[in-house]
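In: Using only what follows, build the 3D model:
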Amino acid sequence: MIRCLAIDDEPLALQLLADNISRIPFLELVASCDDAFAANKMMQEQSIDLIFIDIQMPGITGLQFIQSLVKKPMVIIVTAYKQYALDGFALDVVDYLMKPVSLERFMKACNKAQDLYELKQSATQPSLPKQDYFFVNVGYSLVKINFSEITYIEGLKDYVQIHTATSPKAAIVRTSMKAIEEALPTDFERIHKSFIVNTKKITAIRKNAVFIADKELPVSESYKDVIEKLIK
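Out: Here you go, the predicted structure:
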């Protein structure tokens with residue numbers, strides 16, 4: 001699934017965008033935001049593959065927001081202003097849609113995004129050996145943590161707590177959940193904005209929670225598909 005973020009300051013336009021996204025089977029709408037500031041906060045908390053964004057918005061325009069992104073996901077611009085098309089494509093956007101957008105045109109843009117997403121996913125480096133550990137900054141030291149020892153990771157504002165089976169005390173690291181998630185192997189799944197779990201350590205599953213030994217961890221609505229995948 002391609003995880004999406006919709007950004008538009010007009011409520012009706014934002015709702016229409018959300019409705020269109022829901023019609024595309026390979027898209028998952030993570031959140032809808034009515035300005036760039038809310039979108040930026042959401043992107044710090046969630047892993048986003050594709051953003052749909054308007055141009056004219058209060059505070060920061062869509063183009064300014066795209067330019068501000070250090071690690072940029074795929075972008076589809078949805079706007080009523082055709083004069084910014086060249087500026088948009090100069091920022092390597094996937095597509096530039098003019099309001100009102102027909103579903104056929106919207107699907108075409110989404111298919112382009114899917115092709116690009118699959119191309120990026122296949123552009124791996126299998127020749128590189130896979131590490132089974134990483135080093136993290138804990139206090140004034142670099143500490144080696146084996147992935148197999150991690151039970152779960154908890155986000156706490158600007159820090160994360162890495163819980164392991166070998167230590168009663170969690171390693172506290174100054175980083176974001178998004179950054180730590182990208183460093184982990186595929187055995188790890190995000191189940192909540194504040195929790196990432198080692199799926200090999202899960203001992204039981206409920207509708208809204210997973211258990212690692214006697215520790216119950218919540219599963220948010222945005223990540224229910226993770227539970228379905230684990231059960232299957």
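In: just for the protein, where's the confidence low?
Out: 122-130, 232 (pLDDT under 70).
In: from memory Phe188 sits against Val197, does it?
Out: Yes. Between Phe188 and Val197 there is a contact at 6.8 Å, judged by CB atoms under 8 Å. Using the backbone N, CA and C atoms, a C-beta is placed for each residue, glycine as well.
In: So if I had to pick from the two, which one is more boxed in?
Out: Per other CB atoms under 10 Å, whichever of Phe188 and Val197 has more neighbours is Val197, with 27 against 20.
In: if we can go back for a sec, residues that sit against both of Phe188 and Val197, list them.
Out: Each of Ile153 lies in contact with both Phe188 and Val197 under the rule CB atoms under 8 Å, 6 or more residues apart in numbering.
In: quick one, domains of the protein?
Out: 2-122, 133-231 (automatic domain parsing).
In: Packed most tightly, which of those would that be?
Out: Each of these was scored by mean neighbour count; the highest is domain 2-122, a mean of 17, by mean count of other CB atoms under 10 Å.
In: if I look at the residue positioned nearest the centre of the chain, how far off is Leu97?
Out: In the chain, the C-alpha nearest the mean C-alpha coordinate belongs to Ser47, at 1.3 Å (CA atoms, centre = their mean). From Ser47 across to Leu97, the span is 24 Å (CB to CB, to the nearest Å).
In: same question, Val30
Out: In terms of CB to CB, Val30 sits 20 Å off from Leu97.
In: Then Leu230?
Out: 36 Å.
In: remind me, longest helix of the chain?
Out: helix 103-122 (DSSP state H).
In: Output the contacting helices and strands for it.
Out: strand 2-7, strand 74-79, strand 95-98 (3 or more CB pairs under 8 Å, 6 or more residues apart in numbering; DSSP states H and E).
In: Which residue ranges of the chain form helices?
Out: Remark: helices assigned in the chain by DSSP H are 11-22, 36-45, 62-68, 85-90, 103-122, 177-183, 224-231.
In: Distance to Ile76 for these - can I get that in JSON lines?
Out: As requested, the helices of the chain are arranged in JSON lines below (distance: least, CB to CB, whole Å):
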{"stretch": "helix 11-22", "distance to Ile76": "10"}
{"stretch": "helix 36-45", "distance to Ile76": "14"}
{"stretch": "helix 62-68", "distance to Ile76": "11"}
{"stretch": "helix 85-90", "distance to Ile76": "10"}
{"stretch": "helix 103-122", "distance to Ile76": "5"}
{"stretch": "helix 177-183", "distance to Ile76": "21"}
{"stretch": "helix 224-231", "distance to Ile76": "22"}
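In: out of those, which comes closest to Lys201?
Out: Of all these, helix 224-231 sits nearest to Lys201, with 12.0 Å by CB to CB.
In: Which residues does that closest one contact?
Out: Contacts to helix 224-231, defined as CB under 8 Å, 6+ apart, come from residues 1, 28, 189-191, 199, 202, 205, 207, 210, 219.
In: same deal with stretch 92-108?
Out: For stretch 92-108, contacts defined as CB under 8 Å, 6+ apart pick out 13, 20, 23-24, 50, 66, 72, 74-80, 82, 85, 88-89, 109, 112-113, 116.
In: Grab the nearest non-local neighbour of Glu189.
Out: Residue nearest to Glu189 in three dimensions, not counting chain neighbours: Val226, with 4.8 Å by CB to CB, 6 or more residues apart in numbering.
In: that older thread, show me what contacts the residue nearest to the centre of the chain?
Out: 3, 178, 181-182, 190.
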